[in-house]
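K.L.:
Mind looking at a prediction? Sequence and model below.
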Amino acid sequence: MLTQSPFTQVTSVIRLENVTRAYTMGGRTLYALRGVSLDIGAGEFLAIVGPSGSGKSTLLNLIGGIDKPDTGHVWVDQIHVSAMGENALAKWRGDKIGIVFQFFQLLPTLNALENVMLPMELRNSFANNRRARARAVLERVGLGDRATQLPSELSGGEQQRVAIARALANDPPILLADEPTGNLDTETGQRVIELLAELNQAGKTIVLVTHEEQLARTAKRVIRVRDGHIVEQTR
């Protein structure tokens, strides 16, 4: 069931309210997030910056419905994501969210075109023109001429651009990127961030997790997370 937001005036496409997330390890309780509240506007490009273990990836996982808070609420596009069941979450995520991971997570036996087509096949979307759409999305990320290459035949930067194309396959309004440059050299990483900025200019809401301050400055707003708290916000 998709629970609608109770807010009568919604100015944010993403809203976290007093969110806490803790994990138990070796009999100890470790807090990834401690009462975090955050609003992200439609069409915004937000970078979440912080050291390893600061809670930034947990924030992204909560927004994407991959994880749920122990306390507090997560709303995305007026839907109460943190109250949804797994089946409803999977359908909602397929429609609304594209996710780009640090380690690409491309299927090694599928070529670039087939990797991009996969989300459309899973969602049974664009049934009449999946192949043409996949080619168009690869063109959009500058890889139209690499469509038939396997991931092992692509550079790290090319694999990440295929991963971005795959995240765009179902045309989601929100793109989440978790350390998308973590396995890339500085120059290639900068090109990936510039691509995300171009997608933002085209209307996508982008939430980027990174530990690299220079790359974060490409975003329109930067928040810094430490020990489960948002400690600073800059524009």
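P.N.:
Okay, I see it.
K.L.:
separation between the residue lying closest to R217 once chain neighbours are set aside and L196?
P.N.:
The spatially closest residue to R217, leaving aside those adjacent along the chain, is A47, at 7.9 Å (CB to CB, 6 or more residues apart in numbering). All C-beta spots, glycine's among them, are computed from the backbone N, C-alpha and C. Distance of A47 to L196, computed by CB to CB, to the nearest Å: 10 Å.
K.L.:
next one: T29
P.N.:
35 Å.
K.L.:
Settle it for me: which of the two has more neighbours?
P.N.:
The neighbour comparison of T29 against L196 (other CB atoms under 10 Å) goes to L196, with 23 against 8.
K.L.:
OK, contacts around the more buried one?
P.N.:
F45, I164, L175, A177, P180, I206, L208, T218 (CB atoms under 8 Å, 6 or more residues apart in numbering).
K.L.:
Now with 6 Å, please.
P.N.:
I206 (CB atoms under 6 Å, 6 or more residues apart in numbering).
K.L.:
Likewise for T29?
P.N.:
Contacts for T29 were tallied using CB under 6 Å, 6+ apart; they are A22.
K.L.:
So which residues of this protein form strands?
P.N.:
Applying DSSP state E to the chain gives strands spanning 14-25, 28-40, 45-49, 71-76, 79-80, 97-100, 174-178, 205-210, 221-226, 229-234.
K.L.:
Pipe these into a markdown table and attach distance to T188 per row.
P.N.:
Formatted as a markdown table, the strands of the chain follow (distance: least, CB to CB, whole Å):
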| stretch | distance to T188 |
| --- | --- |
| strand 14-25 | 28 |
| strand 28-40 | 27 |
| strand 45-49 | 18 |
| strand 71-76 | 30 |
| strand 79-80 | 35 |
| strand 97-100 | 14 |
| strand 174-178 | 15 |
| strand 205-210 | 14 |
| strand 221-226 | 22 |
| strand 229-234 | 26 |
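K.L.:
Relative to Q160, which of the ones you listed is closest?
P.N.:
strand 97-100 (7.4 Å; CB to CB).
K.L.:
tell me the mean pLDDT over the closest one?
P.N.:
Strand 97-100 shows a mean pLDDT of 93.
K.L.:
what comes into contact with that strand?
P.N.:
In contact with strand 97-100 (CB under 6 Å, 6+ apart) are residues G64, A163, I164, A167, L168, P172, I174, L175, L176, A177, P180.
K.L.:
Among those, which one sits closest to T186?
P.N.:
Checking the contacts of strand 97-100 one by one against T186 (CB to CB), the nearest turns out to be P180, at 13.5 Å.
K.L.:
Now do the same contact list for the closest one.
P.N.:
Contacts of P180 (CB under 6 Å, 6+ apart): V100, Q160, V192.
K.L.:
Setting aside sequence neighbours, what's the nearest residue to it?
P.N.:
In space, P180 is closest to V100, 4.9 Å off (CB to CB, 6+ apart).
K.L.:
quick revisit: for the contacts of P180, which ChimeraX command selects only the ones that are buried?
P.N.:
The following ChimeraX line selects those of the contacts of P180 that are buried, judged by 16 or more other CB atoms under 10 Å:
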select :100,160,192
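K.L.:
Now tabulate the contacts of P180 in JSON lines and tack on distance to D70.
P.N.:
Formatted as JSON lines, those follow (distance: CB to CB, whole Å):
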{"residue": "V100", "distance to D70": "26"}
{"residue": "Q160", "distance to D70": "32"}
{"residue": "V192", "distance to D70": "33"}
